[in-house]
Structure formats: structure tokens, C-alpha cells
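K.L.:
Attaching a predicted model along with its sequence, questions to come.
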Amino acid sequence: EAGVAQSPRYKIIEKRQSVAFWCNPISGHATLYWYQQILGQGPKLLIQFQNNGVVDDSQLPKDRFSAERLKGVDSTLKIQPAKLEDSAVYLCASSLGYSGNTIYFGEGSWLTVV
Amino acid sequence: QQPVQSPQAVILREGEDAVINCSSSKALYSVHWYRQKHGEAPVFLMILLKGGEQKGHEKISASFNEKKQQSSLYLTASQLSYSGTYFCGTEIGGGSEKLVFGKGTKLTVNP
């Protein structure tokens, strides 16, 4: 079974530029998550989708971050304009979509803002 | 709402045991344990649902004390491959599917 796919793996941009990350969840997984992990910390939830609807985006900095999940499958996370403090690993994860179910993570997209 | 993990770091010699704790101030529906190696994605270890059940996976097991809202991860006869950072993720209330992660416990196993 294919895992959660993410791209690009690595990205270096200058502050105030924009960047987009793509995620393809495990087939059949209704719930998709985007987490931000700053070096030395635990993952922090940015946004959670159930199919193509947003369940929780309370910690998404909406003035610069946006995410969409068209057709309830793939998802894109965009940052515009980027700040230095956005340097982190952006982890996409997916699950079948009910409580107590395993959440599987992708390998992450490493962002460095200079 | 973020669970508290302890200790922050552990250094072991191969073959020694370790316990990592995760506690929450909120009533928990489930606790998820992950291990992450440097530069890699978190890898799922196990889930514990409310009810105090204990689970095991080879030499790694965990318990969930519903009354204390606390989970413990037990690593016995540690191997070099156990090195990494362990995170607990807690789910509050059935139906949310939202995991909030602790800050992690860095485990180093030396020969």
C-alpha cells in the first residue's frame, strides 16, 4: 500500500516569496492533516480536512497560509508571503476518518526561509 | 491542551529499560505514540483508547490510565534502533480525530 506522498521534499526561498506544498494521502483516507514541525518541537496541527471540508483550521495563520483539498483527495498548502519563522517541516498526514484510527505521516516538506 | 511529556531526554545503554510518560489536563479519548528519527517522518507505534488497556509491540508496550489522563510507554531491553524522539499525540473527545502532540522525548541508546 502506497504511503502519504508529499512534494517537494526540500525548498529554500527568500522571505516574502511564496511556496506551495502538495500532498497525496493514502487511498481511501477521508481525513487529511497538515502539521508544522519546527526543529526540536512536536508537530503542530495547522489544518484538518474531512473529505473536502475543513474540520479545524484554528491554528492556521490565515493572513499568509492557505490550504485546499479539491475533490477530497489531494491537498495543497500555500504560504504567501513567507516569513523567517515559517522555516519548518510541513508534514501531511491522513487517516480513515474516525476517532481512534491510525494517522499516517508523509516524509514531510522541509522549508527554509532566508 | 498540549500534553506534557517526561522526561525530555533519556540516554541508555543497549539492553536497558526506559519509561516515557505523557499526561494531559483534559479527558482523553485516545493516546497515540510515534517515534521519529532525525530527518524522517513520525512512525506510528501504537494507539491506546480510553479504558486502561495496555498494548504491546515486541519489546515496546504502553498503558493508558484513564483516571489520571496519563499514558506511559515502556521500552524494555532497548536496542540501538530504538534511538529517536518519541511523541505522544492525544485526542480529546471521541469524534474530533484531532491529535495534539507533546514536545517529545529524545531517546539515545548507546552500545
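P.N.:
It's in.

K.L.:
roughly how far apart are the closest residue in space to B:D17 that isn't next to it in sequence and B:M46?
P.N.:
Counting by C-beta to C-beta, 6 or more residues apart in numbering or on different chains, the nearest residue to B:D17 once its immediate chain neighbours are dropped is B:T76, at 5.0 Å. For the C-beta atoms, the positions are set from N, CA and C on the backbone; glycine is no exception. B:T76 sits 14 Å away from B:M46, taking C-beta to C-beta, to the nearest Å as the criterion.

K.L.:
The two: which is more packed in?
P.N.:
B:M46 (18 against 15; other C-beta atoms under 10 Å in any protein chain shown).

K.L.:
Relative to B:F101, how far out is the more buried one?
P.N.:
Taking C-beta to C-beta, one finds B:M46 at 15 Å from B:F101.

K.L.:
cool, A:T112 as well?
P.N.:
Taken as C-beta to C-beta, the span from A:T112 to B:F101 is 22 Å.

K.L.:
what about those two, which has more around it?
P.N.:
B:F101 (23 against 13).

K.L.:
So that one is in contact with A:Y33, correct?
P.N.:
No - shown here, B:F101 and A:Y33 do not form a contact pair, counting by C-beta atoms under 8 Å, at 11.2 Å.

K.L.:
which residues sit against stretch B:59-78?
P.N.:
B:12, B:14-28, B:31, B:33, B:45-46, B:48-56, B:79, B:82, B:86, B:88, B:107, B:109 (C-beta atoms under 8 Å, 6 or more residues apart in numbering or on different chains).

K.L.:
looking at chain B, which helix or strand is least sure?
P.N.:
In chain B, the helix or strand scored least confidently by mean pLDDT, DSSP states H and E is strand B:55-57, which has a mean of 66.

K.L.:
Relative to whichever helix or strand comes after that one, what are the paired strands and their orientations?
P.N.:
Helices and strands here follow DSSP states H and E; after strand B:55-57, the next one along the chain is strand B:60-65. Counting by DSSP bridges, the strands paired with strand B:60-65 are strand B:55-57 (antiparallel), strand B:70-75 (antiparallel).

K.L.:
List the buried residues for strand B:60-65?
P.N.:
B:60-64 (16 or more other C-beta atoms under 10 Å in any protein chain shown).

K.L.:
what's the spacing between the residue nearest the centre of chain A and B:K106?
P.N.:
Centroid-nearest residue in chain A: A:W34, 2.9 Å away (criterion: C-alpha atoms, centre = their mean). Counting by C-beta to C-beta, the gap between A:W34 and B:K106 amounts to 24 Å.

K.L.:
re earlier: who does the residue nearest to the centre of chain A form a beta bridge with?
P.N.:
A:I47, A:C92.

K.L.:
residues contacting it?
P.N.:
Neighbours of A:W34 in contact, by C-beta under 8 Å, 6+ apart: A:23, A:45-48, A:67, A:75, A:77, A:90-93.

K.L.:
residues contacting the spatially closest residue to A:Y10 that is not a sequence neighbour?
P.N.:
Nearest non-adjacent residue to A:Y10, counting by C-beta to C-beta, 6+ apart: A:W110, 4.8 Å away. Each residue near A:W110 by C-beta under 8 Å, 6+ apart is listed here: A:9-11, A:89.
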